[in-house]
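**Q** Return atomic coordinates for the entry below.
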Amino acid sequence: MKRTKIADVLSREDYGATVVVKGWVRTRRGSKSVNFVALNDGSTIRNVQVVADVEKFDAEVLRQITTGACLSVTGTLVQSVGAGQSVEIQADAIEILGTCGSDYPMQKKGQSFEYMRQHAHMRLRTNTFGAVFRIRHNMAMAIHRYFHEHGFFYFHTPIITASDCEGAGQMFQVTTKNLYDLKKDAEGKIDYSDDFFGKPTSLTVSGQLEGELGATALGAIYTFGPTFRAENSNTPRHLAEFWMIEPEVAFYDIHDNMDLAEDFIKYCIRWALDNCMDDLEFLNKMIDKTLLDRLHFVLEHDFQRLTYTEGINILEEAVRNGHQFEFPIYWGVDLASEHERYLVEEHFRKPVILTDYPKEIKAFYMKLNEDGKTVRAMDVLFPQIGEIIGGSEREENYDKLTARISELNIPMKDMWWYLDTRKFGTCPHSGFGLGFERLILFVTGMQNIRDVVPFPRTPKSADF
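**A** Below you'll find the model as predicted:
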């Protein structure tokens, strides 16, 4: 007989039907006459209760039904008299597919998240991480669906690249060279002529530059793929390997870009509320009791739009009125998360989009404003998390972009292909980047970014 997923079993009302369910034991309790087994197969946060009359089953089979064991159960669907579920299964046959010993790492109750990170290959089976990764799947589906419905094309940019989009130099090098016997030139520098690509290459930090090429041909594209930063940051907000969503649109100015960012992020949150409510209610109860309120908060408010300069003025006024920040605030500073959250949570009490940042703290490709000091950048700031989206109108003027590249000493030989978009039929265009894991942090209420990716990659940690 064909297996039925537990998510589907729990929605059925054809009592008396025979069903087959398979999954892992969450708990087993009972008496001398009857056992109650909570079974979960990952399709839902909710377990199905299996009722096993002790006299029907061999004692050895019942002994092997321990937390973590994998079972196949054939039984009759019956209406539940207990609280918490409408149906349960009266077991007729139980097959032990996989036993689980007492050394199962997820055996204990109330393990810390740090403990579970050490057992990331097993933490996936817990209620919390099952909920997180079902939501992660749904967010990926929402992203693809949103852009498809709005006429964007999914554009695959390279993972191996010779360009450093952010100009920070924190990239993982890709090479086939023998590191124990490096060929060097007359100046003692490494000679890459015998490397696979014949020159230094790295894992990408962003698909944006290549995405701009797509936008100036297809009109509107988005990337959604892995990106890498060799940033030695052991914080709850940083990963060495993470996923990015980067739409890029021809003929968009910064105002169009802000409209897109607000509409897009609201769509994703609405999708979560419409499609993941069981998991969200669990996380709201167990992880963050303000989660659902915060999700509704974003949906119910238009995002406040103001310039960086206006934001600095508000923050300086807060300091004059006695508010204390850990980091100093002045015009030209790159805002810290505490500054961003003050604007969102305390001053405006709504999501904020900050624009027109000083050019010195933003990337070379952002369009210069007429004041010569600021660029048409935009950051979307959220409660609890601070910046969740960063983007800009791009500099489409060849001479201005060339001057900015020279000013920052970026090797022109590496940028010729990017400059060609400004040389041959340039056009206004804009885009932004959203770190996928930052979105999952916000939607799940989890506190550490390492807990919203299945197998986190961080400094000195590349297990599993």
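**Q** Glu345: what's it in contact with?
**A** Contact analysis of Glu345 by C-beta atoms under 8 Å, 6 or more residues apart in numbering lists Pro383, Gln384. In this view, the C-beta of every residue, glycine as well, is placed from N, C-alpha and C.
**Q** So it belongs to a helix, correct?
**A** Yes: if the criterion is DSSP: H, G, I helix; E, B strand; the rest coil, then Glu345 is within a helix.
**Q** thought His121 was touching Phe129?
**A** No: taking contacts as C-beta atoms under 8 Å, His121 lies outside contact range of Phe129: 11.1 Å.
**Q** of those two, who's got more company?
**A** Taking other C-beta atoms under 10 Å, His121 and Phe129 do not tie; Phe129 has more neighbours (21 against 12).
**Q** any idea which element that one lies in?
**A** Using DSSP states H and E, Phe129 sits in helix 127-149.
**Q** May I have stretch 191-201 as CSV, with CA atoms only?
**A** Provided in CSV are the C-alpha atoms of stretch 191-201 (Å, rounded to 0.1, in the frame of the first residue of the first chain):
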residue,chain,number,x,y,z
ASP,A,191,52.6,32.9,-12.1
TYR,A,192,49.1,31.9,-13.0
SER,A,193,49.8,31.0,-16.6
ASP,A,194,49.7,27.3,-15.7
ASP,A,195,46.5,27.6,-13.6
PHE,A,196,43.2,26.3,-14.9
PHE,A,197,41.9,29.7,-16.1
GLY,A,198,45.3,31.2,-16.7
LYS,A,199,44.7,34.0,-14.2
PRO,A,200,43.6,34.5,-10.5
THR,A,201,40.0,33.5,-10.0
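**Q** Could I get the average pLDDT for that stretch?
**A** In this model, stretch 191-201 has a mean pLDDT of 92.
**Q** Check stretch 262-275 too.
**A** For stretch 262-275, mean pLDDT rounds to 98.
**Q** May I see the buried residues of it?
**A** By 16 or more other C-beta atoms under 10 Å, the buried positions in stretch 262-275 come out as Glu262, Phe264, Ile265, Lys266, Tyr267, Cys268, Ile269, Trp271, Ala272, Asn275.
**Q** out of those residues, who's nearest Gln90?
**A** Taking C-beta to C-beta as the measure, Gln90 lies nearest Asn275 of the buried residues of stretch 262-275, at 31.3 Å.
**Q** so what's that closest one up against?
**A** Counting by C-beta under 8 Å, 6+ apart, Asn275 makes contact with Asn138, Ala142.
**Q** one more time with 7 Å, if that's ok
**A** Asn138 (C-beta atoms under 7 Å, 6 or more residues apart in numbering).
**Q** From Val174, how far off is it?
**A** Separation of Asn275 from Val174 (C-beta to C-beta, to the nearest Å): 38 Å.
**Q** ok so, going back, in the helix holding Phe129, what counts as buried?
**A** 127-136, 138-140, 142-143, 146-147.
**Q** got a list of contacts for it?
**A** For helix 127-149, the surrounding residues in contact (C-beta under 7 Å, 6+ apart) are 42, 45, 123-124, 154, 222, 224, 245, 247, 264, 267-268, 271-272, 275-276, 279, 282-283, 286-287, 439-440, 443-444, 446, 451-452, 454.
**Q** Now a PyMOL select for only the buried ones of those residues.
**A** With 16+ other C-beta under 10 Å as the criterion, this PyMOL line picks the buried residues out of these:
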select buried, resi 45+123+124+222+224+245+247+264+267+268+271+272+275+276+279+282+283+287+439+440+443+444+446+451+452
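**Q** residue ranges with poor pLDDT in the stretch 201-350 of the chain?
**A** For the stretch 201-350 of the chain, no stretch is flagged by pLDDT under 70.
**Q** where do the helices sit along it?
**A** Here the stretch 201-350 of the chain has its helices, by DSSP state H, counting those that start in this stretch, at 208-218, 254-275, 277-286, 291-300, 308-320, 337-341.
**Q** Contacts only, for Trp311.
**A** Careful, residue 311 is Gly and not Trp. By C-beta under 7 Å, 6+ apart, the residues touching Gly311 are Leu343, Leu354.
**Q** Please apply the same query to Gly75.
**A** Contact partners of Gly75, counting by C-beta under 7 Å, 6+ apart, are Val19, Val50, Ile89, Gln90, Ala91, Asp92.
**Q** ranges for the strands of the stretch 301-450 of the chain?
**A** For the stretch 301-450 of the chain, strands defined by DSSP state E, counting those that start in this stretch occupy the ranges 304-307, 352-358, 374-382, 386-393, 429-435.
**Q** how about the third one as PDB, C-alpha atoms only?
**A** Taking Å, rounded to 0.1, in the frame of the first residue of the first chain, the C-alpha atoms of strand 374-382 are listed here in PDB:
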ATOM      1  CA  THR A 374      26.300  61.400  -2.100                       C
ATOM      2  CA  VAL A 375      25.200  58.500  -4.300                       C
ATOM      3  CA  ARG A 376      21.700  57.200  -5.100                       C
ATOM      4  CA  ALA A 377      22.000  54.300  -2.700                       C
ATOM      5  CA  MET A 378      19.100  52.800  -0.800                       C
ATOM      6  CA  ASP A 379      19.000  50.500   2.200                       C
ATOM      7  CA  VAL A 380      15.800  48.900   3.600                       C
ATOM      8  CA  LEU A 381      15.900  48.800   7.400                       C
ATOM      9  CA  PHE A 382      13.700  46.300   9.400                       C
END
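**Q** Which residues does that strand contact?
**A** 254, 257-258, 261, 265, 298, 303, 340, 343-344, 351-359, 362, 366-369, 387-393, 442.
**Q** Next: the fourth one.
**A** Surrounding strand 386-393, the residues in contact under the criterion C-beta under 7 Å, 6+ apart are 253-254, 257, 261, 265, 337, 340-341, 366-367, 375-382, 428, 430-434, 438-439, 442.
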